[in-house]
Every structure is written in structure tokens, then in C-alpha cells.
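Peer 1: Got a sequence here, can you build the structure:
(3 chains)
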Amino acid sequence: MIFKIRDHFDLDKTLDCGQCFRWVKKSNYWSGVVNGYLSNVYFENQHLKIESDLNSLTFWKNYFDLDFDYSKPIKQFLNYGYPLSTATRENSGIHILNQDPWEVLCSFIISQNNNIPRIKSIIERLCRCYGTCHDKYYSFPSPKIISSLNISELSAIKAGFRAKYILDAAKCVSDLKVDLDSIYSMKSCDSLRYLQSINGVGPKVSSCVLLYGFHRTDCFPIDTWIKKVLHKFPDFNFDLLPHKGLAQIYLFSWIRSHPEYLE
DNA sequence: GCCCAGGGAATCG
DNA sequence: CGATTCCATGGG
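Peer 2: Residues are numbered from 1 along each chain as shown, chains lettered A, B, ... in the order given. Okay, the predicted model is just below:
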């Protein structure tokens, strides 16, 4: 299927900004597994082309967030001063994906005290070992599947100390002690506390789940890089900024590509 | 060998 | 309470 893109949209940055971990860049397209379906995505002259057995216009429009009006927050960010103005100028093509909440939760548990290449390799092993095999790719394993494992079986993915956190999350989610669907009707501050009832889920991981799995742009995940930015620019106050989660994404991408600006 | 990586729990003053 | 330490693993 094909979408005509009106606003500025950068597919490369959207899939390579650290919000998702299973998309792989091929020659002129991206290949990934989304909700159990192998999908290939192309972008050329303002058209987004998607080849996937997941053949739903509304799903993909939502996944790539094509109905959200980015122009207003972008305009505000551009007038908010350095460094957000610069970060926005360089990264305003990024869209916030609407990913599967369980995959986001599990992925960002794995992300803690870790680096992006290794996060990807651990997730890949998780899918290969315990996901469902379709022809030549693997779906992301369900919470029920993972909750049936013991800690030594999970050690195969080499997640280290995070393995016990993955197990607790899978158990909580599969027996509905943490009902992810209920979050859709909860306020962000309540869902943050709710998610943090999972062992291994704190302020940062819960914020990422809400931002990348539920499009809660009022959440502002503070990781090591954002911490450095806030320390370097103490006058920058995001508390009252609308859609500050989007600002966080721009700032994260910006500082990752220019770490020298911290000196 | 040492340091760090999209943090959070356990422990300590 | 806030501050520090530990947690597995792998690449630089």
C-alpha cells in the first residue's frame, strides 16, 4: 500500500533514532517484523510504500503516526531557543511510532545500562529462541510464552541481570497483574506508577513505554544522554513544554550525532 | 584490564 | 531520606 506524505517525514531517522530495534536498513528500503508480519518499507518522493501481509491501511497509518499534526510542536520548538531549536531543525522528520506496547516494554527493559547494538542483538536472540518461526523470520515472543520459561532457559539470550526483569514483566502482563490494555484509558502519571510495579521497570523505562507504545507525548524519558544535555544546558526547562516527549526524541538524536557539543 | 552503554534495585550512611 | 554500589555482557 502507498501513502502520500504531506508534512516532512524522514523514514531513515524515524527507524534509526532508538525508538525501535527490529528494523534493518537494506539497500533502498527498510525490513522489519511488525506484530508478527515481515514488512518492507520504501520512501521516495513523498510516498511511503509498505509491502506486508499485515494489509491494513488504518494499522500502518497509525504505526507511522501519519495523522498526528507535527507542525505545531515543531514551530514551538523552533522558537524555544538553543539547543531545542537546533535539535528540531535537524530531526523534525522523525515520527513517533505506535508500536506494540509489550514489545516496547520488553525492549526497553533490555535497554537498561546497555548500548543499542547489543540491545538489538539480545532482542534478536529472544525472537529466534522463543518467537514463532514464519518461513525465514521470527515474531516477537508473547508474554505468555516468555512467562513459561525459567531463568536458565532465558540465559540463552545473554541478557545478563535483565533476564529476571524480563520474566517478571512477562508474568505480570500475561496474568493481567499489569493489564497493558487498561493503560489506554489511564492518565499518564497513573500509568507510570502502574508500570513501575514491575520489577526492573523504573521512571525511564516506563516513560519510554508510554511514549513509544501509547504515544503519550507528555512523557519525557531521561536517559544518560538527556541527563548530559540537561546538565550542559541548565536553563533548558522542559516541564511546561507541550509534547515534550517529541522534544526528547529530537534532543536525543541531536546529541547522539553531535556528542562533541557536550564539551 | 578498564570504561562505558537509552537504569533500577539493593545497600549504606 | 539521598548517595553510592552492584548487576552481566561485549565492544572500544
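Peer 1: and residue A:104, what pLDDT?
Peer 2: Listed pLDDT for residue A:104 reads 99.
Peer 1: Pretty sure it sits in a strand.
Peer 2: No - counting by DSSP: H, G, I helix; E, B strand; the rest coil, residue A:104 is not found in a strand; it is helix.
Peer 1: Give me the nearest residue to it, chain neighbours excluded.
Peer 2: Nearest residue to residue A:104, sequence neighbours excluded (CB to CB, 6 or more residues apart in numbering): residue A:213, at 3.9 Å. C-betas here are computed from N, CA, C, even on glycine.
Peer 1: now do residue A:129
Peer 2: Excluding the flanking residues, the one nearest residue A:129 by CB to CB, 6+ apart is residue A:156, at 5.4 Å.
Peer 1: burial of that neighbour, as a residue count?
Peer 2: Neighbourhood size, residue A:156 [other CB atoms under 10 Å]: 14.
Peer 1: roughly how far apart are it and residue A:122?
Peer 2: Counting by CB to CB, to the nearest Å, the gap from residue A:156 to residue A:122 is 11 Å.
Peer 1: Also residue A:256?
Peer 2: Applying CB to CB to residue A:256 and residue A:122 gives a distance of 20 Å.
Peer 1: Equivalent analysis for residue A:210, please.
Peer 2: As judged by CB to CB, residue A:210 and residue A:122 stand 22 Å apart.
Peer 1: which one of those two has more residues nearby?
Peer 2: Higher neighbour count among residue A:210 and residue A:122: residue A:210, with 25 against 22, using other CB under 10 Å.
Peer 1: OK, contacts around that one?
Peer 2: Counting by CB atoms under 8 Å, 6 or more residues apart in numbering, residue A:210 touches A:183, A:188, A:191, A:192, A:195, A:216, A:219.
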